[in-house]
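In: pasting the structure only:
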């Protein structure tokens, strides 16, 4: 049950944010200080902040609706959260960049990673 709730929550965070960023890539300038200087840059923001994050949301939805897929989705999320969180932490240290966006995203990613690990360990302990 906890896995299903976590995956549903992940869907509600990743999918709408990804869709919003796809359709409104300019939002990232004010929110995160990320700006596209060319049409290619806008396409990149749509792909990375929009398409990639929406895809993570869709995968989470599939894991929530199909329990047999949940372990694979949890592993994928662990890698996504872990990769984003560790890169963000190292980047923030290297750049001395501790904005509220960075801190909030880092908290979300580190907590998400920890939850994935706990849920995966529970599954293997059974």
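Out: Good, I have the coordinates. None of the values given here were measured: they were computed from a predicted structure.
In: once you drop chain neighbours, what's closest to residue 109?
Out: Leaving aside its sequence neighbours, residue 109 sits nearest to residue 85 (C-beta to C-beta, 6 or more residues apart in numbering; 3.4 Å). To be clear about C-beta, it is placed using only N, CA and C from the backbone, and glycine gets the same treatment.
In: check the secondary structure at that neighbour for me.
Out: What DSSP: H, G, I helix; E, B strand; the rest coil gives for residue 85 is helix.
In: residue contacts, it?
Out: Residue 85 sits next to 106, 109-110, 112-113 when contact means C-beta atoms under 8 Å, 6 or more residues apart in numbering.
In: at 10 Å what do you get?
Out: If you count contacts by C-beta atoms under 10 Å, 6 or more residues apart in numbering, residue 85 has them with 105-114.
In: which of the residues you listed are buried?
Out: Among the contacts of residue 85, the ones that count as buried by 16 or more other C-beta atoms under 10 Å are 105-106, 109-110, 112-113.
In: before we move on, back to that, could you dump the contacts of residue 85 into a markdown table and include secondary structure?
Out: Below are those laid out as a markdown table (three-state DSSP):
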| residue | secondary structure |
| --- | --- |
| 105 | helix |
| 106 | helix |
| 107 | helix |
| 108 | helix |
| 109 | helix |
| 110 | helix |
| 111 | helix |
| 112 | helix |
| 113 | helix |
| 114 | helix |
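In: let's have the buried ones among the contacts of residue 85 in a markdown table, adding pLDDT.
Out: Putting the buried ones among the contacts of residue 85 into a markdown table (pLDDT from 0 to 100) gives the following:
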| residue | pLDDT |
| --- | --- |
| 105 | 96 |
| 106 | 97 |
| 109 | 98 |
| 110 | 97 |
| 112 | 98 |
| 113 | 98 |
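In: which one of those residues is nearest to residue 9?
Out: residue 112 (9.3 Å; C-beta to C-beta).
In: hmm, that closest one is touching residue 13, no?
Out: Yes. Residue 112 is within contact range of residue 13, at 8.8 Å (criterion: C-beta atoms under 10 Å).
In: mind listing the helices for this structure?
Out: Along the chain, counting by DSSP state H, helices occupy 2-23, 27-32, 39-45, 52-65, 70-95, 100-125.
In: understood, closing this out.
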